[in-house]
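Engineer: Okay, here's the prediction I keep looking at, along with the sequence it came from:
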Amino acid sequence: MLKNAFYAGYLARLHGPKAPATLFGQHEKVSQFDVIRERRWFSFLWSPSIEIKFDRKEQQAVPQANSYPFMLRESRDRFILVSTHHSVVQAFLRECGVESQIEYPRIDVIQLVSQLAHPSDETGRAYRMGNVFASIEGFGRALRTIGLWGDDIADASLFSDLSPRISPYRVTLRDPRSDREIASVGSGGEMTFFYRGVNQLDQTDKLFRFLSEQHFIAWGITRE
């Protein structure tokens, strides 16, 4: 069922009596609910009965379909849920009636980028940075956000020069050994990755374990 493709979604927490896999798997519009990886990752199809509100960029990429592939990573009440677009995931949660029960974390992308650019130990960088999106200060309304792309942005002198002026809010991380892109993470729990098989899921697990162990993920924050 799963094809090598781009997936987008969120890291989130479900506040409710049912586990995410149970709740989503029992939904009447969900089919082909299968285990991908040792009861940690699941896949399913969702056939929506509601209109999906795509943003303009998403509308240009793909028209609305009859069904959408999903992947779910469950860890007690916390989960990763991805599909073809962020808007598809949002619509699915809305149709499940759990929007009010969903909590999204705050991922400290600023500190993550700083640590990867300036590792504190001799083991070097845990991950390379493939791209960084950030707000920038000092240019007024003429320039408010920037995006940087590269194989390892931390090594670029331009990045070092700009670092004091920028506040990163999204970063794409690469494996320093294989040089493959693993996933992109945003400060509001957003994430994207290109699925290449179950090894991609293992690498995603490892990445989020790193983010958790290094205390880059914070839950229970009230947002204005």
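Structural biologist: Done, it's in. Numbers count the residues shown, from 1 in each chain.

Engineer: What residues of stretch 160-174 count as buried?
Structural biologist: Counting neighbours by 16 or more other CB atoms under 10 Å, one finds that the buried residues in stretch 160-174 are 162, 163, 166, 168, 169, 170, 171, 172, 173, 174. C-beta: built from backbone N, CA, C; applies to glycine.

Engineer: Could you tell me the end-to-end distance of stretch 132-148?
Structural biologist: 5 Å (CA to CA, to the nearest Å).

Engineer: I meant to write stretch 93-108 there.
Structural biologist: Stretch 93-108 end-to-end distance (CA to CA) = 25 Å.

Engineer: neighbouring contacts of that stretch?
Structural biologist: Contacts to stretch 93-108, defined as CB atoms under 8 Å, 6 or more residues apart in numbering, come from residues 10-16, 23-24, 27, 29, 48-50, 81, 185-189, 211, 215-221, 223.

Engineer: Worst mean pLDDT across the helices and strands of this protein, which element?
Structural biologist: Within the chain, no helix or strand scores below helix 56-61, which has a mean of 60 by mean pLDDT, DSSP states H and E.

Engineer: Heading C-terminal from that helix, find the next helix or strand.
Structural biologist: Using DSSP states H and E, the helix or strand that follows helix 56-61 towards the C-terminus is strand 68-75.

Engineer: Restrict the next helix or strand after that next one to CA atoms and write it as PDB.
Structural biologist: Counting by DSSP H and E, the next helix or strand C-terminal to strand 68-75 is strand 78-83. Extracted C-alpha coordinates of strand 78-83, given in PDB (Å, rounded to 0.1, in the frame of the first residue of the first chain):
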ATOM      1  CA  ARG A  78       1.800  10.700  22.000                       C
ATOM      2  CA  PHE A  79       1.900  10.100  18.300                       C
ATOM      3  CA  ILE A  80       3.100  11.100  14.900                       C
ATOM      4  CA  LEU A  81       0.500  11.300  12.200                       C
ATOM      5  CA  VAL A  82       1.400  12.000   8.600                       C
ATOM      6  CA  SER A  83      -0.400  12.000   5.200                       C
END
